[in-house]
Structure formats: structure tokens, C-alpha cells
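**Student:** Turn this into a model:
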Amino acid sequence: MKLYASTAEMAKIIGRSPDWLKRRKSDGTFVEGVHYFHPNGERDPFWKIEAIQRWIESPQNDMVEKILEKVVSS
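**Tutor:** Numbering: from 1, shown residues only. Predicted coordinates for the structure are as follows:
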């Protein structure tokens, strides 16, 4: 089973455009270290397929997780 996908591959997997993913990345919907990774300064992130599937199926869970991360880091 594949664990990670490029932006173009992830867009195809979920039926959205690469720009849709990039916008959600920029607006903070998707969090680096949770939904995607930039190992060794890679330009195109490695999208974690399982994390994106979890977000699609339970978007409120990630929202709570993001809020908790902000509270803990403050």
C-alpha cells in the first residue's frame, strides 16, 4: 500500500485539482507534519494519503486537532 503521494497524484486520488490542495495548504486547512511533509527541502510535498482520507471522512476531527495544536503552542 502506498503511503505518500505527490500533489498531482493526491489530487487524482481525491478527485480535486492540485490547486485545490495548494489552497488548503496555504490557508492552514492542511498542516505540515500531519497532512504533508517537505523532507530535505523537497519543493513538491509528500502528501500522507491516510491523513487526507481521515480529513475527508471526519473533517471536524482535524479542526479540533488544529485548535488544540494552536492552544498548546501558545
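
**Student:** Show me what secondary structure element comes after the helix or strand that contains residue 22.
**Tutor:** Using DSSP states H and E, residue 22 sits in helix 18-26. Per DSSP H and E, the first helix or strand lying C-terminal to helix 18-26 is strand 36-37.

**Student:** Determine how far that following strand lies from the middle of the whole chain.
**Tutor:** How far strand 36-37 lies from its chain's middle: 7 Å, per Cα atoms, centre = their mean, to the nearest Å.

**Student:** Also stretch 40-53?
**Tutor:** Counting by Cα atoms, centre = their mean, stretch 40-53 comes out at 7 Å from the chain centroid.

**Student:** Show me what counts as buried in that stretch.
**Tutor:** Buried residues in stretch 40-53, counting neighbours by 16 or more other Cβ atoms under 10 Å, are found at 45, 46, 47, 48, 49, 51, 52. From N, CA and C alone the C-beta is placed, and that goes for glycine too.

**Student:** What of stretch 19-29?
**Tutor:** Applying 16+ other Cβ under 10 Å to stretch 19-29 flags 21, 24, 25 as buried.

**Student:** I'd say the second one and residue 30 touch.
**Tutor:** It refers to residue 24. Yes: assessed by Cβ atoms under 8 Å, residue 24 is found in contact with residue 30 at 5.0 Å.

**Student:** about what we covered before: turn the buried residues of stretch 40-53 into a markdown table, including distance to residue 58.
**Tutor:** Listed next are the buried residues of stretch 40-53 as a markdown table, based on distance: Cβ to Cβ, whole Å:
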| residue | distance to residue 58 |
| --- | --- |
| 45 | 22 |
| 46 | 22 |
| 47 | 17 |
| 48 | 15 |
| 49 | 15 |
| 51 | 11 |
| 52 | 12 |
